[in-house]
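S.K.: here are the coordinates; sequence isn't available:
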C-alpha cells in the first residue's frame with residue numbers, strides 16, 4: 001500500500017523548524033512503508049528525519065527535489 005505522506009510529514013517538519021533548538025532537537029520518524037511525496041520536504045536546523053527500515057519515498061511531482069535542507073528563502 002502507498003500512502004501520500006507529504007502534508008503530514010511537511011507539517012511535522014514545520015513544527016520542528018519552529019520549535020527545535022540546540023538543546024532540544026526534534027526527530028521526525030517515518031515508519032516502514034511506501035510513501036508518495038507530492039512536494040519537497042524542507043528540513044531545518046536541529047531536526048532529524050529518520051526513515052525506518054524498508055521505508056520507500058516516491059516522488060510524484062515532475063520537478064524539484066524530494067528533500068531540501070537549509071535556510072528558508074522566499075522561493076522555498
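M.R.: Yep, that arrived. Here the structure is a predicted model, which is why all the values come from computation and not from measurement.
S.K.: make it CA atoms for all contacts and neighbour counts henceforth
M.R.: Will do.
S.K.: can you pull out the helices in this structure?
M.R.: Here the chain has its helices, by DSSP state H, at 6-19.
S.K.: Most remote residue from the middle of it, which is it?
M.R.: residue 23 (21.0 Å; CA atoms, centre = their mean).
S.K.: Looking at that one now. What's its pLDDT?
M.R.: pLDDT for residue 23: 96.
S.K.: Quickly note the distance from it to residue 34.
M.R.: Relative to residue 34, residue 23 is positioned 32 Å away (CA to CA, to the nearest Å).
S.K.: Could you list the low-confidence segments of the protein?
M.R.: 1-2, 71-76 (pLDDT under 70).
S.K.: which residues sit in contact with residue 26?
M.R.: 16, 19, 20, 46, 47, 48 (CA atoms under 8 Å, 6 or more residues apart in numbering).
S.K.: Could you report the neighbour count for the first one?
M.R.: Read it as residue 16. Counted with other CA atoms under 10 Å, residues neighbouring residue 16 total 22.
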